[in-house]
Every structure is written in structure tokens, then in C-alpha cells.
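No sequence on hand, only this structure:
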């Protein structure tokens, strides 16, 4: 019996070593994001499973943290010794956290060279890169084509003149033409048209080198509000204070208004509405293309104090694969940040795609840090105030923006 | 002997002093320190001197926020106190349904701000909102309004939701005050032939002085600091009409990453709250003593 024990001991030890081998190499990667929950899955849960299948030695511990909570919950962890390994970020976060040395620099690998020029320029403002872009998402004009067809219009209005014609016909037919809340839709219109007409770069306006109140482009854009109101597009006093994130969305989804400027992230929700025949078009402007106002949204960043830098890099690299990223883009109704990437937007965005193809793309300046973030809320406020009183001098309205720039 | 007594008193108060110092005084001092920096919430803070305070006192939007805060507080405290007193007086005279009604009045305060905010946002919606729909149903279409979208009505609309949410607290405090009124006084006044109004005006209100003090003080401090409903219902709009100082602080912290500037606003808010609370409490206490 003793002989048997000693004879079998090596075999038992070998088996134990073999059994423990996989466990010894397994690492847990903590990932946080403000998407990936039930309401906004963005295909993240499925992609994580796919990543784990491709990397059996890595287990991903995913945590959903809302965008607001990201500002509250994560900073103490990122500054401390307990950061998540990979975090969803955007450029404002990258600016603050990156400048503080809290994010690991990313290698300018093959994926960097594949980025579209505007996105590449946006993330490459310093010596280091701290974010791997995941998506570019459009902000344009949602158009209820069923309502437009009722007044004999078969295509979404792309120019301001076409918009006025459509509004007049809709208004005469008793159909509410536009949702134009000062809190979002009106600013999108102003930013798109102002930048389209402005001769200078948007960064010159954002830095204070050029004043908004002296910009003929922006003054002229504000002056078109009265023209739109006169054409019956909207009642400015009613539209001014409409909540763009709840009331406006539900009103358009219910088919009560013909048009609304908003983000493409609403496509999925609107597509669920029965009998809502809509398209996603560019923001009407003075040019034939209209404006495709693109927002560089989210990306992945790695914490500088991550305990698993190698696994984190593999996770980030996983999303640079076009096939993997496409799943997210479809879920988000977004465009790829890569030149060779495939769009995730459905056919309802064909008019918007056409605007992009025709050179109508303008990057939303806040998303690429060309305009400081504090300016955003001031624009929302001032547009609301202007809608409430269109007799104001546009230059005075715009001087509020200049004051914010001055305060930076 | 006296020294020993004082020493013992000091020892007994030491834990409380430590708690106050750790969780109240130290955070205030830290906030004061940060108010002279450009701290972004992470990284290293650089001193900027009085720049943050200079911005506050030279930009009209912060003065406007100060006015909004004061006006909002006055609206809420005044109306909430009056209505709470009315409900308490009514329930005091209706003992059979007092507990049930008290519970019903208290229910809104048990809800989260988010729920209350979204419910009232829907009620106030200019398109098919509950209030406008109700007006239309009784033939008052002309009174339909964009309650939250009009700067002239938005603050009142938010204030009304706030009052609705907390009226139960006010009522409960006044009811507690009623419970402390000796029944003999009430009976004597009835025997003397005092009317309901006379009893209310000359006996109940003066004897509720302490309840007034508690209600007004708590309501004032709570309302001065509030940001939840303005944030949820209007996000400070339209065009700043409901943007309180607290909302500016929150926005500076988590929307603009200006922790230093937010700290400066917080210090000013603290001074405002302490000053108002001190003056108010001083007046109300003197009124109690004269009752």
C-alpha cells in the first residue's frame, strides 16, 4: 500500500499542475462604460463575449456607469490605486484626465493611420494619444415623410429655402412643421449653418481669436430664425422651452411634428414606432448638400495605473477590427471612425449619407475640443432666450458666447 | 472643582467636536482652499488667486442665479408655510381623518426627485400635458401655456412642484405644534364664544410660533440649497430662468470640470445660507419670546 502511494504521487502532482495551468494565466479586466446596459446595449455585452472567446486567458468584468456618474464615481478611483483597466471616454474626459497623467498613452499603431482625418486630428493634439475612437455619430434633421407627402413633398428639405417651402405647405395644411427647442435643435441649426458660412476655422472662434459677435456668418444665421418663423416653421415662444430630451422626442415619435433636428442615436428608438415613416437628413443650410453635423462621441481609454496593461491593450485592439466594431456601430446608428470602416447606419439615413458624400460634413466643435465645453450650455440658454424674443440684436446674443470664451 | 467640571464637560463634548470638525469644518476649509485654484477634479491644482471670485462678481449670470435662488426660496417658503398651516388647521379639526390625510400628504416626499420631476414635467408639457389637457377639457383653451418654457412662469411651475412634494413635512410640523397647544386653552376660548377664525388668529397662530420657526428655517435652508427639481424639470432653463446657484455649482463641477470655481460658488452659497439662517432664526426666535 505504501509502495502504491509513492508510485502514484508523481502522477497526482502532474495532474494538479496541469489542472491549475489555465487558472494561473487567467486575468480579469475591469471595463466601464456608459453604454452596454439594457437601454443602450450598443452591442457591448455581445462583443465582450466575443472578445473573451478570442482571448480565453482574459475575463472581462464589465460595469455600466452612466455618463454623469463617470464624472463622479471614476475620478477618485482613477486618481487612486483602484482604477478600472479600460474606460469609455470622450474628448472632454480625455482632456481632463489625460492632462492629469491618469490615462495610459496608446500606441500609434496601424489603427491610428486608418482614422479619418478629422478624428485623427482631434485625438492627436499633444505628444500622447489617450483614446481609441469608437464611433462618429450624426446630428441632422429627422423628417416624417408621411406628413410631407400629405402636402405633396417627396424629399426631405436640404436647403433653407426648401425648408421654408415645406414649412409653409405643412402649416397651411394644419400640420405642425418643426420642433425647434432652444435647448438642442436650434443650437444644432445655428452651429451647422454658422460654421458652414464662416470663413474661419471653428477653432478660431473657440479660442477667442475670432469673436462670434463679429461673425457675419453667425449673425446671419440667427437672423434666419425670423424667416423660418414667418414661414410657419415654428412658433418661437412655444418652441423655446420645449425639453429636447423628453417632450420633443416623444412628440416627433408620435408623429405630431414633421421635422426635428436631433442626433442619430434616436434612429433605433424611432424605428420602433409603428407608422412612423421617417428619414434622417442633413440640417438644412444655404448649400445644396445641407450640413451633416458629425459628433465624435466615444472611445476607449486605458488607466495609467491599470494592473493589466497588456490585456487592456488587447481589449482596445479588438475594437479596431472593422468586423467587431461594426456590431457596435449598427446598434448605435453610427459611422466608423476608420476610413475603411463600414457604416452602421440604416437606409433611413441615406439623405444624411449623401450630405457626407457631397462634402457637407462639419465636425461638432465641442466633440473635438475646438470649442470649450462651458460654451455649450450657454449656447443652449441663449438660443432659448433668442427664440423668446426674436427682436434681440443677434450680435448681443452672440456676445454671451464671447464672454464664455473669455472666461476660459 | 470648577476646573474638573469644565474638564469633564470638555471631554463629553470632544467626540461631537471631532465629528463636526472632521465632517463639517474640514470640508469647508478644503473647499475654501480649492476656491483659489483652477482644480479640475483630478491632477494638480494651480493657484489663481481671486480670479474665481472675480468671475462670480463680474458676470451677470451669477448675480442672476443669486436672484433666482432668493426668489425661488421666497416663493416656496411663503406658499408652503401658508398651505401647510391651512392643512394643519383643517386636520386639527378633523381628527377622524387626520392620520390618513397626513400620510397622504407625506407620500410625495417619499418619492425620488427624479420621479417627481418627470411627472410634473409631463403635467406641464405644452403638447398634451396633463394641465393643458385639463384646461382644454373644461373649455379654457385660452389658458393653455408652455409653463416650463416661459421664463415668466417656469420658476413658479418648478416651485409648485417643490411645494407639492414637501407640503407634507410642513403640515406634519404644524400638527405637532398643534398637539402642544394645551386643550384647556382651546376649550376656554370656545366657552368664551370665540369664533373659529378668532381662535385661529389669536390663539393658534401665536402658540405655533415655534412651529413657524422650525418650518421656515428648515424650508429656507433646504430650498436655498435645492437643485434637483430645476435640474430635472428645466435644467435651469429657459435661458437661466430657473438656474439656481446650486445648479450652477453642480454644472461647474460635473459638466465643466471647474472644481475650483464651483468651490468658490459653494463658499458664497454657504455664506448666503448661514447669513439668511442666522437673521431669520434671530427674528423668529425673538417673535417666539414675545408670544
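Ah, there it is. Fair warning: this is a prediction, and the values are worked out from it, not measured in the lab.

okay, now the domains of chain A?
Annotated domains of chain A cover A:3-135+A:297-332, A:137-295+A:347-407 [automatic domain parsing].

Now tabulate the ones you listed in CSV and tack on distance to chain B and mean pLDDT.
In short, each C-beta sits where N, CA and C put it, glycine included. Shown next, in CSV, are the domains of chain A (distance: least, Cβ to the nearest Cβ, whole Å; pLDDT from 0 to 100):
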stretch, distance to chain B, mean pLDDT
domain A:3-135+A:297-332, 3, 87
domain A:137-295+A:347-407, 2, 95
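
most tightly surrounded among those?
domain A:137-295+A:347-407 (a mean of 20; mean count of other Cβ atoms under 10 Å in any protein chain shown).

Confirm residue B:188 sits in a helix?
Yes. If the criterion is DSSP: H, G, I helix; E, B strand; the rest coil, then residue B:188 is within a helix.

Pull up the gap between it and chain A, please.
55 Å (Cβ to the nearest Cβ, to the nearest Å).

pLDDT weak spots in the stretch 101-250 of chain B?
Applying pLDDT under 70 to the stretch 101-250 of chain B picks out no residues at all.

Let me know the secondary structure of residue A:35.
On the basis of three-state DSSP, residue A:35 is classed as coil.

right, and it touches residue A:44 too?
Yes. Using Cβ atoms under 8 Å, residue A:35 is in contact with residue A:44, at 6.0 Å.

wait, which of the domains of chain A is closest to residue B:25?
Of all these, it is domain A:3-135+A:297-332 that lies closest to residue B:25, at 21.6 Å by Cβ to Cβ.

for residue A:42, what are its contacts?
The contact partners of residue A:42, by Cβ atoms under 8 Å, 6 or more residues apart in numbering or on different chains, come to A:33, A:35, A:36, A:328, A:331, A:332.

Nearest to chain A: which residue in chain B?
Chain A sits closest to residue B:149 of chain B, with a gap of 2.1 Å, by Cβ to the nearest Cβ.

Just to be sure, that residue is in a strand?
No. Counting by three-state DSSP, residue B:149 is not part of a strand but coil.

So what's the residue count around residue B:113?
Neighbours of residue B:113 under the rule other Cβ atoms under 10 Å in any protein chain shown: 17.

For residue A:338, which residues are in contact?
A:111, A:114, A:115, A:116, A:320, A:322, A:325.

redo that, cut-off 7 Å
The contact partners of residue A:338, taken as Cβ atoms under 7 Å, 6 or more residues apart in numbering or on different chains, are A:114, A:115, A:322.

I'd say the first one and residue A:339 touch.
Yes. In terms of Cβ atoms under 7 Å, residue A:114 counts as a neighbour of residue A:339; the distance is 5.7 Å.

How many neighbouring residues does the closest residue to residue A:381 other than its chain neighbours have?
Using Cβ to Cβ, 6 or more residues apart in numbering or on different chains and skipping the chain neighbours, the partner closest in space to residue A:381 is residue B:239 (4.8 Å). Number of residues near residue B:239 (other Cβ under 10 Å) recorded here: 26.

So residue B:239 sits against residue A:383, correct?
No. With contacts counted by Cβ under 7 Å, residue B:239 stays clear of residue A:383, the gap being 8.4 Å.

how about the residues of the stretch 151-291 of chain B near chain A?
The stretch 151-291 of chain B comes close to chain A at residues B:151, B:154, B:237, B:238, B:239, B:240, B:251, B:254, B:255, B:256, B:257, as judged by Cβ under 7 Å from any Cβ of the partner chain.

I'd like to know which of those residues are part of helices.
Mapping those onto helices (DSSP state H) picks out B:151, B:154, B:251, B:254.

By neighbours, which of the residues you listed wins?
residue B:154 (25 neighbours).

Show the contacting residues for that one.
A:241, B:148, B:234, B:238, B:241, B:242.

Let's see the pLDDT reported for residue B:13.
Reading off the confidence values, residue B:13 has pLDDT 91.

circling back to that earlier point, report the set of residues contacting both of residue B:239 and residue A:383.
Common neighbours of residue B:239 and residue A:383 (Cβ under 7 Å, 6+ apart) do not exist.

Quick one: the strands in chain A, in order.
Assigned by DSSP state E, the strands in chain A fall at A:27-33, A:58-64, A:86-89, A:132-133, A:136-144, A:178-179, A:259-263, A:278-281, A:292-296, A:299-302, A:361-363.

Give me the distance between the residue nearest to residue A:351 when sequence neighbours are not counted and residue A:206.
Leaving out its chain neighbours, the residue that sits closest to residue A:351 by Cβ to Cβ, 6+ apart is residue A:281, at 3.8 Å. Taken as Cβ to Cβ, to the nearest Å, the spacing of residue A:281 relative to residue A:206 amounts to 27 Å.

Check residue A:399 too.
Residue A:399 is 16 Å from residue A:206, by Cβ to Cβ.

Residue B:1 too?
The gap separating residue B:1 from residue A:206 is 73 Å, by Cβ to Cβ.

Spell out for me which residue occupies the centre of the chain.
Picked chain A for this. Nearest to the geometric centre of chain A sits residue A:297, at 3.3 Å (Cα atoms, centre = their mean).

please go with chain B instead
Geometric middle of chain B (Cα atoms, centre = their mean) lands on residue B:223, at 2.1 Å.

In which helix or strand does that residue reside?
helix B:209-225 (DSSP states H and E).

Residues contacting that helix, please?
B:69, B:72-73, B:76-77, B:80-81, B:84, B:170, B:173-174, B:176-177, B:246, B:272-273, B:276-277, B:280-281, B:284-285, B:287-288, B:291.
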